[in-house]
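Chemist: the following block contains a protein sequence and its predicted model.
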Amino acid sequence: MATRYPPGIGEDVAAPILYNPYQAAALEAQKLRFCLVCKKVGSMDAGMKFKCPTCATEHFSNLTAPRVFNRFGLFAGRRGGKTKIGGIMGRNESLIPKSLGWVMGPTFPVLRDSTMPTFLRLIPRAWVKNWSQDALELTLVNDAQIMFRSVDDPERARGQGPHWGWLDEAAQASERAWDVFRPSLSENAGVMLFSTTVLGYDWTYSRVELPALRDRKPGWWAARWRTIDNPIFMHNPVLRKEVEEARATMTPDFFAQEYLGERRNFTGAIYGDLVEKQVLRDDAAIKQLIPEWPKIDPSRPLLIGLDSGADHPFGATLAVVTPQGIVVVDEYLQRMAAYVKHLDGIGMAFARASNLAKATWAANKNEAQLRLEFGLRSIGVTPVESKHEIGIQRVQSWLLSRQLFFAYTCPKTIEQMKMYRYAQNIGTDGQKKAKEEVFKKDDELPDTVRYFLMAWPELPKAPGSLDAADAVRMAGFSDKTRQEIVEARERRQRKSSVDLQPDDARYPLGDFEMAEDVSYF
């Protein structure tokens, strides 16, 4: 019986692979394995065979020589080569005899038009044993199998014992697709590849990027690169011109996402870029506000926000009040423990402050049990307003006035504040919901910030000068309009009526045609 071949098979096998340092690093990381016999790390050869270079033991399974990295995140701008390197890494995995791999797309059109053709073009024709067009399954001469699947319905990600998987354009897929597929890899200690252009702070940020790049979680590896880092764009002036034209015509945020591979919040972001501007990135920056850092003077007022819950982590943040503003300096985030255990954990996490008992502790006013149990340990917890819209306005006021800061020592708080967003506000019937709700995931630490600010009896000081954006807008007004704006702001600040004196040019009627509450901004 004649061998059946898929369309486009092997068309890119002879195409040269131009050097990209990020892609090269991914390929090297893919080959690393840990020998359980001699406890040393070695690298597989070009055929993905592993013979330990230290003890000479040959290994044929991840169970006797597990991968150093078995989770890979490949994040790049559009046309940056992420799908190409994902396909190459998948092809490498299929070199292992009798292995089973899944090549997945977020939708069938993406799978059909991009992911599957990219992979098939990289497979030499001589490797093919059989192709099933109906089942979209490829069998190689080494009896390795590759199945092509769409995960637009996440439940289709259930499989029997694959050795590896590749989810292309992962940000477009449902997070549940990964949750459903992940157990399938367990029995073989399988490898998972994620390649995608990011879509703001999508699920791949918390589930793939942060474990690999921030937390350095064992087994996780990731890289981010720009479209221009693709050698095809780097060395071709015509293509570089295309990128520069896109830079000039797109909004900065959209260009940053599509071409630079950066995460930007477009819709629903509550605090947006305000948080990034307030991050204190080193000890020197913190000492500008807290000179005794890393110690904290016992005389300084302290604020502690608490967010408890049985179905999500218990969160807490410690903030220091300074003349220049409030600085969040420490964080606590743990699951599944009794309140008293959390209180002990908070004490250890906030050990740099010696007067925690005198701090202002705050939590949702509905947390009666929390207040009771902390009270038994001589910690009084202030009940504060639970409505999101009120607390969010308070936080935004402090951020806009540039008087709320985040020390580098609380990275999870910074990340959650940046991701904090409103949930989808459109119902299944297409109508807008009456009340806008916050997206209830990874929101514990932003809630703690909201609570301690609601408990603090002061508001941020009014800014003494305009920021750059308002200064530009003010400059565009006439002298008369600028004067009217200044006077209107002063009246609102005084919260008093306007009594014109006889020597005022506008006495006795004033600017009758100008509404008192008109806002130019």
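Modeler: Perfect, thanks for sending it. Numbers count the residues shown, from 1 in each chain.
Chemist: could you use CA atoms for every contact and neighbour count after this?
Modeler: Noted.
Chemist: what bridges to the nearest residue to Leu213 once chain neighbours are set aside?
Modeler: Closest residue to Leu213 apart from its sequence neighbours, by Cα to Cα, 6 or more residues apart in numbering: Ala222 at 6.5 Å. Listed beta-bridge partners, Ala222: Gly73 (assigned using DSSP bridges).
Chemist: domains for the protein, by residue range?
Modeler: Using automatic domain parsing, the domain ranges for the chain come out as 21-32+59-233, 274-424+435-455, 477-521.
Chemist: adding distance to Pro6, write the ones you listed out as JSON lines.
Modeler: Supplementary listing: the domains of the chain in JSON lines, determined by distance: least, Cα to Cα, whole Å:
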{"stretch": "domain 21-32+59-233", "distance to Pro6": "6"}
{"stretch": "domain 274-424+435-455", "distance to Pro6": "41"}
{"stretch": "domain 477-521", "distance to Pro6": "60"}
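Chemist: mean neighbour count for the ones you listed - can I get that in JSON lines?
Modeler: Conversion of the domains of the chain to JSON lines gives the following (neighbours: other Cα atoms under 10 Å):
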{"stretch": "domain 21-32+59-233", "mean neighbour count": "20"}
{"stretch": "domain 274-424+435-455", "mean neighbour count": "18"}
{"stretch": "domain 477-521", "mean neighbour count": "11"}
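Chemist: can you pull the pLDDT of Asp283?
Modeler: As predicted, Asp283 sits at a pLDDT of 95.
Chemist: let me see the contact set for Val279.
Modeler: When the contact criterion is Cα atoms under 8 Å, 6 or more residues apart in numbering, the partners of Val279 are Phe405, Phe406, Ala407, Tyr408, Ile414.
Chemist: how about low-confidence regions in the stretch 151-300 of the chain?
Modeler: Counting by pLDDT under 70, the stretch 151-300 of the chain shows low-confidence ranges at 264-268.
Chemist: could I get the full set of strands for it?
Modeler: Taking DSSP state E, counting those that start in this stretch as the test, the strands found in the stretch 151-300 of the chain are 164-168, 191-196, 220-225, 279-280.
Chemist: make CSV from these and add distance to Trp102 to it.
Modeler: Output for those, formatted as CSV (distance: least, Cα to Cα, whole Å):
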stretch, distance to Trp102
strand 164-168, 5
strand 191-196, 9
strand 220-225, 19
strand 279-280, 41
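Chemist: closest one to Ala65 among those?
Modeler: Between Ala65 and the strands of the stretch 151-300 of the chain, the tightest spacing by Cα to Cα is seen for strand 191-196, at 13.1 Å.
Chemist: and that closest one, which strands flank it?
Modeler: Partners of strand 191-196 in its sheet, by DSSP bridges: strand 71-76 (parallel), strand 164-168 (parallel).
Chemist: and the last one, how far out from the chain middle?
Modeler: Taking the mean of its C-alpha atoms, strand 164-168 sits 20 Å from the chain's own mean (Cα atoms, centre = their mean, to the nearest Å).
Chemist: what does that strand rub up against?
Modeler: If you take Cα under 8 Å, 6+ apart as the criterion, strand 164-168 is touched by 83, 86, 90, 93, 100-106, 115, 185, 190-196.
Chemist: okay, the contacts of Val279 in a markdown table with secondary structure next?
Modeler: Output for the contacts of Val279, formatted as a markdown table (DSSP: H, G, I helix; E, B strand; the rest coil):
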| residue | secondary structure |
| --- | --- |
| Phe405 | strand |
| Phe406 | strand |
| Ala407 | strand |
| Tyr408 | coil |
| Ile414 | helix |
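Chemist: which residues in the stretch 101-250 of the chain form helices?
Modeler: Secondary structure of the stretch 101-250 of the chain (DSSP state H, counting those that start in this stretch): helices located at 108-110, 116-121, 175-185, 203-204, 231-234, 237-249.
Chemist: relative to the whole chain's centre, how far out is the third one?
Modeler: In this case it means helix 175-185. 19 Å.
Chemist: got the CA coordinates for that helix in CSV?
Modeler: What follows is helix 175-185, C-alpha atoms only, in CSV (Å, rounded to 0.1, in the frame of the first residue of the first chain):
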residue,chain,number,x,y,z
GLU,A,175,-6.8,28.5,30.1
ARG,A,176,-8.9,25.4,30.8
ALA,A,177,-7.5,23.8,27.7
TRP,A,178,-4.1,23.6,29.5
ASP,A,179,-5.7,22.4,32.7
VAL,A,180,-7.5,19.6,30.8
PHE,A,181,-4.4,18.5,28.8
ARG,A,182,-1.9,18.7,31.6
PRO,A,183,-2.8,15.5,33.5
SER,A,184,-2.3,13.6,30.2
LEU,A,185,1.4,14.4,30.4
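Chemist: the closest residue to Ser61 other than its chain neighbours and Pro154: what is the separation?
Modeler: Sequence neighbours aside, Asn188 is the residue nearest to Ser61 in space, at 8.0 Å (criterion: Cα to Cα, 6+ apart). From Asn188 across to Pro154, the span is 21 Å (Cα to Cα, to the nearest Å).
Chemist: tell me which residue is most central in the chain.
Modeler: Note on the chain: the residue nearest the mean C-alpha position is Tyr205, at 3.6 Å, using Cα atoms, centre = their mean.
Chemist: measure it to Thr227 for me?
Modeler: From Tyr205 over to Thr227 the distance is 19 Å, taken as Cα to Cα.
Chemist: thinking again about what came up before, how about JSON lines for the helices of the stretch 101-250 of the chain, with distance to Lys40 added?
Modeler: Written out in JSON lines, the entries for the helices of the stretch 101-250 of the chain read as follows (distance: least, Cα to Cα, whole Å):
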{"stretch": "helix 108-110", "distance to Lys40": "41"}
{"stretch": "helix 116-121", "distance to Lys40": "33"}
{"stretch": "helix 175-185", "distance to Lys40": "24"}
{"stretch": "helix 203-204", "distance to Lys40": "31"}
{"stretch": "helix 231-234", "distance to Lys40": "35"}
{"stretch": "helix 237-249", "distance to Lys40": "44"}
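Chemist: what about the ones you listed, which gets the closest to Glu444?
Modeler: Across the helices of the stretch 101-250 of the chain, Glu444 has its closest neighbour in helix 203-204 (16.7 Å, Cα to Cα).
Chemist: the closest one: how far from the chain's middle?
Modeler: 7 Å.
Chemist: contacts for it, please.
Modeler: Ala170, Ala171, Glu175, Val198.
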